[in-house]
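In: Just a sequence and a predicted model for now, questions to come.
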Number of protein chains: 2
Amino acid sequence: MNTADLGLPVDVPSTALFTDQYELTMLQAALKAGTAERRSVFEVFTRRLPEGRRYGVVAGTGRVLDAVENFRFDAGVLGFLREREIVDETTLDWLAGYRFTGDVLGYPEGEVYFPGSPIMRVEGSFAECVLLETVILSILNHDSAIAAAASRMSSAAGTRPLIEMGARRTHELSAVAAARAAYVGGFATTSDLAAGFRYGIPTVGTSAHAFTLLHDTERDAFRAQVDALGRGTTLLVDTYDVAEAVRTAVEVAGPELGAVRIDSGDLLLVAHRVRQQLDELGATDTKIVVTSDLDEYAIASLAAAPVDAYGVGTQLVTGSGHPTASMVYKLVARAESDDPRAPLVPVAKKSSGGKTSIGGRKWAARRLDEDGVAEAEVVGTGPVPAELAGRQLQVELIRGGEVLAREPLDVVRDRHIAVRAGLPLSATQLSRGEPVLPTEYVQVPSGN
Amino acid sequence: MNTADLGLPVDVPSTALFTDQYELTMLQAALKAGTAERRSVFEVFTRRLPEGRRYGVVAGTGRVLDAVENFRFDAGVLGFLREREIVDETTLDWLAGYRFTGDVLGYPEGEVYFPGSPIMRVEGSFAECVLLETVILSILNHDSAIAAAASRMSSAAGTRPLIEMGARRTHELSAVAAARAAYVGGFATTSDLAAGFRYGIPTVGTSAHAFTLLHDTERDAFRAQVDALGRGTTLLVDTYDVAEAVRTAVEVAGPELGAVRIDSGDLLLVAHRVRQQLDELGATDTKIVVTSDLDEYAIASLAAAPVDAYGVGTQLVTGSGHPTASMVYKLVARAESDDPRAPLVPVAKKSSGGKTSIGGRKWAARRLDEDGVAEAEVVGTGPVPAELAGRQLQVELIRGGEVLAREPLDVVRDRHIAVRAGLPLSATQLSRGEPVLPTEYVQVPSGN
């Protein structure tokens, strides 16, 4: 299958190749050894948050559900694997019938997470689960990194809307996922049309410096824009002299001018001057949008400035210093033997070097203090203690291969904002610190 | 058009929506003002390299050519733009017939660049050129950032091969582009099957800790792997105790064992111990592959260690601290008037704030010293000085809308390695420093 006919810049016929080769070679070896069908439990978690960050944000879950559903080996893919001799014919036959038939549960999208939180659990045969490692991690690591940065920016911005405009600073399809993750993290709109098309996120955009430079005068450019887009448009006022541009803008559009955009200079100073000038010109309702290499710290520093909206690009799509989360996908339990009725036994890597993990299928719950504020992330194996039964974090996402529920992004975004509000106040401090909740491990012997 | 039927996790019918909305609103305003057809010249350049970096690497050019060819507004896209009222009917009519008919020239892929290098030039009507800003920048900014990191890693690795294995740390389609950019920068192989499928990059991969944990003993796991993949396979030896694993590995596979992989611990120390142990066991040809959060510095620090290959993940796909290049796409010249025969005039933003740029259509050449080593990046407007005529850097990529040449990735990779070798030796120092070549601007009055 060749998608070039569709005008797509990619030519990947299914999600099955978003896979590291070793997943297929492990499959081949396990099929040959007779261990491929052992029931297995894989968990996604991170050993640490990015340095100084106080919470993580789960994002990409909805995209994972799509990716798992579309994980199929069609003729084109099988032909590639055969031609390259990546796996043998037995394995190719097995792959031709591949369809994930297991269970997935996890933190709902928009939830927060901490070191050790079992963010997602994938359970089924070793063979069917091992293949999903890379695509699940790609999606969750990318989207969660962006959502975490977005969440910090949106708490710094308070009630002022944030515009995502980073598409030009990241891969063209990362940009679409980044706009989605930014929305989950609290952004209001995006400049990326593909994100509007694919996810229904509201899109915005008016003009760039090139438009002013195209015209013989700034006045000509402003007039052309107002003629085409109406007085409610946003005029970019920093191509030449800002004060002159603001004067011209109000002359051309009148005091009904929607907004002006400032994209360079000392934004704090310029915003104050522009606000004063707009007010003096009677354009008291004209808003000020600022866009120039903003991050959460710059947004916070403008809290007292007369700014009405922020446009954020580079720092959003690069996760504000942390472009990826460090989630891993680890086998934590598997059937004791090849007998289909064999019980699960916990497993874990035991080598040195800080990469050890805790075996066993885990539950997670968030314990609240007496005021209803979260005070600990509790992770355990075995039965859930009664007092935490109502506070469990994981929900079913896929059962027997069937996706159980897809959520509108607004639901996810609202969840994130509500969950964040339930964290201790120090969660939204921008300064570096420890995770705002400690992770407590409890192990209740399963006989209890 | 809905690509969900293809099993793709994306649903973007053409590259035309990898676009910031303002490009379409500017188009609408220019069409209405009668300025849309003014001949225009846009240039891609960067004002600075990432802090401390000595050169940049142009990557993504081949992907840009695909994206420009596939930039079409089909019924699905037009329906979206109409329904959302993003542009008016006149603009929709114009977009329906869109096809880029202009010229693109630029640095060939794999070349190096410096602040101010005119990396790509797009020339045509304002209307047809302004729409390409976002997709061109997305591709070049992402791919060049990865290629720059890859180039540093490959020069640190010397003749030892580098394996790209970062798919799990970035968006699933960024990963494919990252594997491609890594190859351009000097990597040998990738673990990402989609990159093998799409770009023919050699793929590798054997097994993970999960495979060992699936089996009752490490010996069972090694035997299963050797049975399926042969003695030439790579066994992962750090799930439990490394020394015991190496002993078991050689017992199972014999001294013909292809390689062992170490993924945790003090790699320098462990590599020395494992090499000694392998040699004592007679496995003198068994190679050692190391993979554990490597970057160019870690690779360099292992130069004296008995390591045969490096696997690099996170730091590669995140650009080793610089996940995006800061290239911009600026209007530098346009027709003096709406008259189709009007001459071009240079234009540039003149506001404060460090975002000024130099107007005019530019050429670029690399001046060599008497030993044939590059000594300056010379950028100019007007005629090219005779002594630099043979050293010009830009090549034609698209003429009258037709893509002129596509290059095999091996050609691009070879070019990069050759060009890098022609830079002063300090180019490949890993320590922070200034760009290894100064950028000199020359302006020859066009009457001369």
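Out: All right, it came through fine.
In: Residue A:260: which element?
Out: If you go by DSSP states H and E, residue A:260 is part of strand A:259-262.
In: which other helices and strands contact that strand?
Out: strand A:234-236, helix A:242-253, helix A:267-280, strand A:287-290 (3 or more Cβ pairs under 8 Å, 6 or more residues apart in numbering or on different chains; DSSP states H and E). Glycine gets a C-beta too; all of them are placed from N, C-alpha and C.
In: for the second one, packing partners?
Out: This points to helix A:242-253. The elements that helix A:242-253 packs onto, with contact taken as 3+ Cβ pairs under 8 Å, 6+ apart, are helix A:218-229, strand A:234-236, strand A:259-262, helix A:267-280.
In: hmm, 7 Å instead?
Out: Packing partners of helix A:242-253 (3 or more Cβ pairs under 7 Å, 6 or more residues apart in numbering or on different chains; DSSP states H and E): helix A:218-229, helix A:267-280.
In: Relative to the whole chain's centre, how far out is the last one?
Out: Which is helix A:267-280. 35 Å (Cα atoms, centre = their mean, to the nearest Å).
In: Need the residues that contact that helix.
Out: A:242-243, A:246, A:260, A:262, A:286, A:288, A:290, A:292, A:301-302, A:305-307 (Cβ atoms under 7 Å, 6 or more residues apart in numbering or on different chains).
In: now do 6 Å
Out: Counting by Cβ atoms under 6 Å, 6 or more residues apart in numbering or on different chains, helix A:267-280 makes contact with A:246, A:262, A:286, A:288, A:290, A:305-307, all of which sit outside it.
In: Residue numbers of the stretch 151-300 of chain A in contact with chain B?
Out: Residues of the stretch 151-300 of chain A lying close to chain B by Cβ under 6 Å from any Cβ of the partner chain are A:167-175, A:177, A:191, A:193-194, A:197-198, A:203, A:205-211, A:213-214, A:224-225, A:227-229, A:238-240, A:264-265.
In: Quick one, which of those residues are buried?
Out: A:167-175, A:177, A:191, A:193-194, A:197-198, A:203, A:205-211, A:213-214, A:224-225, A:228-229, A:238-240, A:264-265 (16 or more other Cβ atoms under 10 Å in any protein chain shown).
In: Filter those down to just the ones in strands.
Out: Among these, DSSP state E puts none in strands.
In: List the ones among the residues you listed that fall in helices.
Out: Among these, the ones falling in helices (DSSP state H) are A:172-175, A:177, A:193-194, A:197-198, A:209-211, A:213-214, A:224-225, A:228-229.
In: So which residue is smack in the middle of chain A?
Out: Note on chain A: the residue nearest the mean C-alpha position is residue A:143, at 2.4 Å, using Cα atoms, centre = their mean.
In: Stretch A:221-239: end-to-end distance?
Out: Length of stretch A:221-239, first residue to last, Cα to Cα, to the nearest Å: 11 Å.
In: Pretty sure residue A:367 sits against residue A:379.
Out: No - the pair residue A:367 / residue A:379 is not scored as a contact, 11.1 Å apart, by Cβ atoms under 6 Å.
In: Next one: the closest residue to chain B within the stretch 1-150 of chain A, what pLDDT does it get?
Out: Nearest residue of the stretch 1-150 of chain A to chain B, counting by Cβ to the nearest Cβ: residue A:21, 3.0 Å away. Per-residue confidence (pLDDT) for residue A:21: 98.
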